[in-house]
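In: Return atomic coordinates for the entry below.
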Amino acid sequence: MEASHDPARSGDVGDAQGYDMTWAGQLSFARLPATRDLTGVDIAIVGVPFDNAVTNRPGARFGPRAIREQSTLTAEFPDGLWPWDHNVFDRHRVVDYFDIGYRPGVPAEMTTNVTSHIGRILDAGASVLALGGDHFVAYPLLLATAERFGPLSLIHFDAHSDTWDAGDELNHGTMFLRAARDGVIDPATSVQTGMRTPNVSHGFNVIHADRLFDIGVAAAVAEIRNIVGDRPAYLTFDIDFLDPAYAPGTGTPVVGGPTTWQARQLLFGLAGMNIIGADVVEVAPAYDPTGQITALAGATIAHDELYLLGLARDRRAGRTR
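Out: Numbering: from 1, shown residues only. Here you go, the predicted model:
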């Protein structure tokens, strides 16, 4: 097979990449340049390998690495990810900013470091796609984003609402309620989709899983678009939104969820919305017995989110393609 990647984009990392060996080569998302030079960057992919805020099984700290490994498959074809009609990397300069670290045993440092790094990326004019990590990593991502864009609408795909009222406790099940109470996100213009655990809405618009199946993908997309409108929106995707048959490698799986196809159809329906930041979280590869199927789902969804971020940038810049 002849090389199909642009050397100027991918960099020279040897024969493995040059001959499109998907099982070898550079460990960055889609084999993008791994750099913290933000000059001319449109989208930066950031790993947050943190799982100290889980309430069940740990292991999502290994999510960013597993997602990057499987992204060699999602980025295998030069025409782009099926069924998108273009290659996002041809239209936008995307880099892998790689992981944001923190000292083991000092989890509060993760929040500080993520807020600082994401602020730096946003101030450089780039959008952020984050790879978790447990879902608590969305909290500092939201803090940094809202500081620059104002209160955000949350587009949330998950099996859990993450709006538990636990007082001052901050973990991966409480942070969205805290963010709402602190004015970081606006529940009235936010939508949580796929919930199939008990929850109090706290003013959020919720499309529970049973209703999602009842009304179908197209109606759910229309509802999300109507509620959020053209407001600045942050897209957060917990991999346990998927049924465990499609994503067993996660910390808190819940049966009765959508398929990977349904999830992607929902994401396709968001094309053109004013999405200014995104993440995919809770991939815990140690619990995946089926050949990294969860990490592959995570990589595919992350790649779809790159398209959504790119299309939103095009729209804000007045570009039509």
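In: Tell me where the stretch 151-300 of the chain has strands.
Out: Taking DSSP state E, counting those that start in this stretch to define them, one finds strands in the stretch 151-300 of the chain at 153-157, 191-195, 205-208, 233-238, 275-281.
In: In the stretch 201-321 of the chain, where is pLDDT below threshold?
Out: Applying pLDDT under 70 to the stretch 201-321 of the chain picks out residues 321.
In: what ranges do the helices span in it?
Out: For the stretch 201-321 of the chain, applying DSSP state H, counting those that start in this stretch gives helices covering 209-215, 217-228, 260-268, 293-316.
In: what residues are up against the residue most central in space within the chain?
Out: The structure's the chain has its C-alpha centroid closest to residue 279; by C-alpha atoms, centre = their mean the separation is 2.0 Å. By C-beta atoms under 8 Å, 6 or more residues apart in numbering, residue 279 lies in contact with 129, 130, 131, 132, 137, 138, 141, 235, 236, 237, 305. Just so you know, the C-beta spots here come from the backbone N, C-alpha and C atoms, and that holds for glycine as well.
In: The helix or strand hosting the first one - contacts with which helices or strands?
Out: By that I understand residue 129. Residue 129 is located in strand 127-132, with elements delineated by DSSP states H and E. Counting contacts by 3 or more C-beta pairs under 8 Å, 6 or more residues apart in numbering; DSSP states H and E, strand 127-132 is packed against strand 43-48, helix 63-74, helix 108-123, helix 138-149, strand 275-281, helix 293-316.
In: Next secondary structure after the second one?
Out: Per DSSP H and E, helix 63-74 leads on to helix 88-91 as the next helix or strand towards the C-terminus.
In: Report the mean confidence score over that next one.
Out: Helix 88-91 shows a mean pLDDT of 97.
In: How about the secondary structure of residue 104?
Out: What DSSP: H, G, I helix; E, B strand; the rest coil gives for residue 104 is coil.
In: residue contacts, it?
Out: For residue 104, the contact set (C-beta under 8 Å, 6+ apart) is empty.
In: Backbone dihedrals for it, please?
Out: The phi/psi pair for residue 104 (degrees, to the nearest 10) reads phi -60, psi 130.
In: Quick one, grab the pLDDT at it.
Out: On the pLDDT scale, residue 104 gets 86.
In: Quick check: the gap between it and residue 111.
Out: Applying C-beta to C-beta, to the nearest Å, the value for residue 104 to residue 111 is 15 Å.
In: got it, and residue 122?
Out: Note on residue 122: its distance to residue 111, by C-beta to C-beta, is 16 Å.
In: Then residue 171?
Out: Distance, residue 171 to residue 111, using C-beta to C-beta: 12 Å.
In: and if you look at residue 200?
Out: Relative to residue 111, residue 200 is positioned 25 Å away (C-beta to C-beta).
In: Those two: who's more crowded?
Out: Comparing residue 200 with residue 111 by other C-beta atoms under 10 Å, the one with more neighbours is residue 111, at 19 against 12.
In: Now that the more buried one has come up, it's in contact with residue 139, right?
Out: Yes. Contact criterion C-beta atoms under 8 Å: residue 111 and residue 139 qualify, at 6.9 Å.
In: before we move on, back to that, tell me which of the contacts of residue 279 is nearest to residue 213?
Out: residue 237 (18.4 Å; C-beta to C-beta).
In: Distance check, that closest one against residue 78.
Out: 26 Å.
In: So between those two, which is more surrounded?
Out: The neighbour count for residue 237 versus residue 78, taken as other C-beta under 10 Å, is higher for residue 237 (28 against 13).
In: Residues in a beta bridge with that one, which ones?
Out: Beta bridges link residue 237 to residue 157, residue 280, judged by DSSP bridges.
In: List the contacts of it.
Out: Counting by C-beta under 8 Å, 6+ apart, the residues that residue 237 touches are 157, 158, 263, 267, 278, 279, 280, 281, 301, 305.
In: Of those, which is the nearest to residue 241?
Out: When those are compared for distance to residue 241 (C-beta to C-beta), residue 157 wins out at 4.3 Å.
In: Count the residues that sit near residue 106.
Out: Residue 106 has 11 neighbouring residues, counting by other C-beta under 10 Å.
In: same deal with residue 147?
Out: 13.
In: List the contacts of it.
Out: When contacts are counted by C-beta under 8 Å, 6+ apart, residue 147 touches residue 119.
In: if you set the cut-off to 10 Å instead, what comes out?
Out: Residue 147 makes contact with 115, 118, 119, 122, 184 under the criterion C-beta atoms under 10 Å, 6 or more residues apart in numbering.
In: repeat for residue 280
Out: 63-64, 67, 129-133, 157, 235-239, 241, 297-305.
In: Swap in 6 Å and give it another go.
Out: Contacts for residue 280 (C-beta atoms under 6 Å, 6 or more residues apart in numbering) come out as 237, 298, 301, 302.
In: what's the closest of those residues to residue 247?
Out: Nearest to residue 247, judged by C-beta to C-beta, of those is residue 298 at 7.8 Å.
In: surely that closest one meets residue 67?
Out: Yes. Residue 298 lies in contact with residue 67 (C-beta atoms under 6 Å); the separation is 4.6 Å.
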